[in-house]
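*Asks:* Can you look at this prediction? I've put the sequence above it.
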Amino acid sequence: MDAKQIAEIEVDVLLEAIRLRYDYDFKNYARASLKRRVHSLLAKENLEMPYQLIPRILYDQNIFDKFLSEMSVTVTELFRDPPFFKSIQEVIFPVLKTYPYFKIWHAGCATGEEVYSLAILLKEAGLLDKAKIYATDYNKRSLDIAKAGIYNADNMEKNSEAYLKAGGKKTLNNYYTQQYDAFKFNDELNKNVTFAYHNLVKDGVFGEMHMVICRNVLIYFDKDLQNHAFTLFDNSMVKRGFLCLGSKETIDYSVLKSQYETFSKPNKIYRKIN
Amino acid sequence: MVKPDISVIVVGVSQGGLEALGILLEALPLEFEKSIIIVQHRAADSDSYLSEHLNLISPLQVKEAQDKEPILPGVAYVAPADYHLLVEKQGTLSLSDDERVNYTRPAIDVLFDSAADCYGPRLMGVVLTGNNSDGARGLKTIKDLGGTTVIQDPEDAQVPAMPLAAQAITQIDHTLSLVGIAKLLSNL
Ligand SMILES: C[S@@+](CC[C@H](N)C(=O)[O-])C[C@H]1O[C@@H](n2cnc3c(N)ncnc32)[C@H](O)[C@@H]1O
């Protein structure tokens, strides 16, 4: 066995230690970026080899927390990929309008920007009051930020631009109050939103959704775990429900391929057949 | 020790890339059977023009990489703007929006490291024109794990900094012009 294979075993053993100790299972995360993150944590802790993390992580919850934040990258922004938001207004909103009420699930909502972005557009379409929105993540710190709805005001210009590109009909400052270098979204936007902890690896279905949005989360999973998540979404979906993925993600290589039709190819909007 | 055949070529390029990639990919033969995976530095909000343009002028199929896409022979994959592109052991591509590396996403080092880890001696790494040092460390990883290293001749490069940076920290197997690199690839 060569050194590379032994190094793989080290990582496997580390992940198994984490699973047994903290009940987080990273075995089926996309391996290449998982290894990058393990190495990034090693560098921060002045360690060299993955096995050196094992005792640290077993006995020191703080190190595990650091690992967890390495593993839950929170790159996100308001109206990320504006054409996606534009497209859901054009192709999904007309369908949502036909329901007396509907449910939306943001899986892997991170710090919540995606949730507020959609809520604003639902509001402008007169749909927000008919919506019950679930926004979940397995990073509790991110969820706290999402719940508070308070963000740094540094990028306001960029945000406003994205809002307009996404098809926003007013101006973004209708929806928040600014104080110094922070702004807070109005409470009307999240009054129908439940922010909750949910781990896509082990937690199950919790409702019947008309629309599931899971963007830039599945890229961190390997194919098996992706299929697990896809099946979970499918089991949560009403007949003819919509599934929305990130702009570089696809169901093409998954178990759902034949069960969903493509509604917008560039914007990764799929709809359940049957 | 006999080197196993190269099966995958990873390419990193920055300033001057559109032209350089054009020359390189245009010159490859239709029956080219290796896979090429490319990181070109570009703005976070750029669209898929680059891959569409290259696809038009190259005999190979050139496409923007999608997550979990299988790596097929005779196809060139380009990293999408604003995502790192990585290679997985199963022979698939994966994307990540992890933090920038060397101030850039996609980063050449990220692709090179992960590809070297998967392919070892069956990998060839190529560093082309560019005005920073991304790719240098990754090319060293490729060399350390038994792969073949190639840089664009700094004299031939629109911006020589990137090949020079690579050459400064690792042993280079081939220093060639773009046309020379195309020939080398064609004869693999
Ligand atoms: C890059 S963010 C995506 C945020 C947003 N959806 C977007 O596209 O901008 C990825 C999120 O996935 C979450 N995540 C990763 N693994 C998860 C899991 N097993 N269960 C739930 N959330 C997970 C991370 O905590 C992180 O907040």
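*Replies:* Everything's here; your move.
*Asks:* tell me which parts of chain B are close to the ligand?
*Replies:* Applying Cβ under 6 Å from any ligand atom, we find that chain B lies next to the ligand at B:Asp97. C-beta here means a position set from N, CA and C on the backbone, and glycine is covered the same way.
*Asks:* ok, then the element right after the biggest helix by length in chain B?
*Replies:* Determined from DSSP state H, the single longest helix within chain B is helix B:108-119. The C-terminal neighbour of helix B:108-119 among helices and strands, as given by DSSP states H and E, is strand B:123-127.
*Asks:* quick one: that following strand to chain centroid distance?
*Replies:* The chain centre lies 6 Å from the centre of strand B:123-127; the measure is Cα atoms, centre = their mean, to the nearest Å.
*Asks:* What strand or helix carries residue 164?
*Replies:* Because you didn't say which chain, this covers chain A. Per DSSP H and E, A:Leu164 falls inside helix A:156-165.
*Asks:* try chain B instead
*Replies:* Going by DSSP H and E, B:Leu164 is in helix B:161-169.
*Asks:* hang on, the earlier thing: so what touches the helix or strand following the helix holding A:Leu164?
*Replies:* Note on helix A:156-165: by DSSP H and E, the next helix or strand toward the C-terminus is strand A:176-179. The contact list for strand A:176-179 (Cβ atoms under 8 Å, 6 or more residues apart in numbering or on different chains) reads A:Ala153, A:Met156, A:Phe183, A:Lys184, A:Phe185, A:Asn186.
*Asks:* Please give me every residue in contact with the last one.
*Replies:* In this case it means A:Asn186. Contacts of A:Asn186 by Cβ under 8 Å, 6+ apart are A:Tyr175, A:Tyr176, A:Thr177.
*Asks:* just to revisit the earlier point, could you check the angle strand B:123-127 makes with the helix holding B:Leu164?
*Replies:* Helix B:161-169 and strand B:123-127 are oriented at 120 degrees to each other (axes from the mean of the first three to the mean of the last three Cα atoms, to 10 degrees).
*Asks:* Show me what helix B:161-169 is packed against.
*Replies:* If you count contacts as 3 or more Cβ pairs under 8 Å, 6 or more residues apart in numbering or on different chains; DSSP states H and E, helix B:161-169 packs onto strand B:123-127, helix B:136-144, strand B:148-152.
*Asks:* Identify the residues contacting the last one?
*Replies:* Under the criterion Cβ under 8 Å, 6+ apart, residues B:3, B:6, B:20, B:123-129, B:139, B:142-143, B:163, B:166-167, B:170-178, B:181, B:184 lie in contact with strand B:148-152.
*Asks:* what angle do that strand and helix B:136-144 make?
*Replies:* If you take the same axes, to 10 degrees, strand B:148-152 sits at 140 degrees to helix B:136-144.
*Asks:* Neighbouring strands - and their directions - for strand B:148-152?
*Replies:* Partner strands and pairing direction for strand B:148-152 (DSSP bridges) are strand B:123-127 (parallel), strand B:174-176 (parallel).
*Asks:* Tabulate the CA atom coordinates of the longest one in CSV.
*Replies:* It refers to strand B:123-127. What follows is strand B:123-127, C-alpha atoms only, in CSV (Å, rounded to 0.1, in the frame of the first residue of the first chain):
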residue,chain,number,x,y,z
LEU,B,123,-1.5,13.3,-15.3
MET,B,124,0.1,16.1,-17.3
GLY,B,125,-0.1,19.6,-16.0
VAL,B,126,0.3,22.6,-18.3
VAL,B,127,0.8,26.2,-17.1
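*Asks:* Give me the mean pLDDT for it.
*Replies:* Strand B:123-127 shows a mean pLDDT of 98.
*Asks:* again with the shortest one
*Replies:* Confidence for strand B:174-176, expressed as mean pLDDT, is 97.
*Asks:* tell me what the helix or strand that it is followed by is packed against?
*Replies:* For strand B:174-176, the succeeding helix or strand toward the C-terminus, using DSSP H and E, is helix B:178-186. If you count contacts as 3+ Cβ pairs under 8 Å, 6+ apart, helix B:178-186 packs onto helix B:17-26, strand B:148-152, strand B:174-176.
*Asks:* Of those, flag the one that's most buried.
*Replies:* Among the helices and strands packed on helix B:178-186, the stretch with the highest mean neighbour count (mean count of other Cβ atoms under 10 Å in any protein chain shown) is strand B:148-152, at a mean of 25.
*Asks:* and B:Phe32, which of the three is it?
*Replies:* Assigned with DSSP: H, G, I helix; E, B strand; the rest coil, B:Phe32 falls in the coil class.
*Asks:* Correction: the previous question concerned A:Gly207.
*Replies:* A:Gly207 is classified as coil under three-state DSSP.
*Asks:* Tally up the residues packed near it, please.
*Replies:* Neighbour count of A:Gly207, defined by other Cβ atoms under 10 Å in any protein chain shown: 11.
*Asks:* give me every residue that touches it.
*Replies:* So A:Gly207 contacts A:Lys103, A:Trp105, A:Tyr134, A:Ser236 (Cβ under 8 Å, 6+ apart).
*Asks:* so the last one makes contact with A:Phe206?
*Replies:* Put plainly, it is A:Ser236. Yes. A:Ser236 lies in contact with A:Phe206 (Cβ atoms under 8 Å); the separation is 7.5 Å.
*Asks:* Are we agreed that A:Lys257 is in a helix?
*Replies:* No. Counting by three-state DSSP, A:Lys257 is not found in a helix; it is coil.
*Asks:* And it, how far from A:Thr250?
*Replies:* In this view, A:Lys257 and A:Thr250 are 9 Å apart by Cβ to Cβ, to the nearest Å.
*Asks:* Likewise for A:Glu261?
*Replies:* Taking Cβ to Cβ, one finds A:Glu261 at 13 Å from A:Thr250.
*Asks:* Going through the contacts of A:Asn186, which ones are buried?
*Replies:* A:Tyr175, A:Tyr176 (16 or more other Cβ atoms under 10 Å in any protein chain shown).
*Asks:* what sits against the residue lying closest to A:Phe84 once chain neighbours are set aside?
*Replies:* In this structure, A:Phe84 finds its nearest non-sequential neighbour in A:Asn267, 4.7 Å apart by Cβ to Cβ, 6 or more residues apart in numbering or on different chains. For A:Asn267, the contacting residues are A:Asp81, A:Pro83, A:Phe84, A:Ser87, A:Ile88, A:Cys244, A:Ser247, by Cβ under 8 Å, 6+ apart.
*Asks:* Which one of A:Glu261 and A:Thr250 is surrounded by more residues?
*Replies:* Applying other Cβ under 10 Å to A:Glu261 and A:Thr250 shows that A:Thr250 carries more neighbours, namely 19 against 11.
*Asks:* Which strand or helix spans the closest residue in space to the more buried one that isn't next to it in sequence?
*Replies:* Spatially, and ignoring its direct neighbours in sequence, A:Thr250 is nearest to B:Gln66 (5.2 Å; Cβ to Cβ, 6+ apart). B:Gln66 is located outside every helix and strand, with elements delineated by DSSP H and E.
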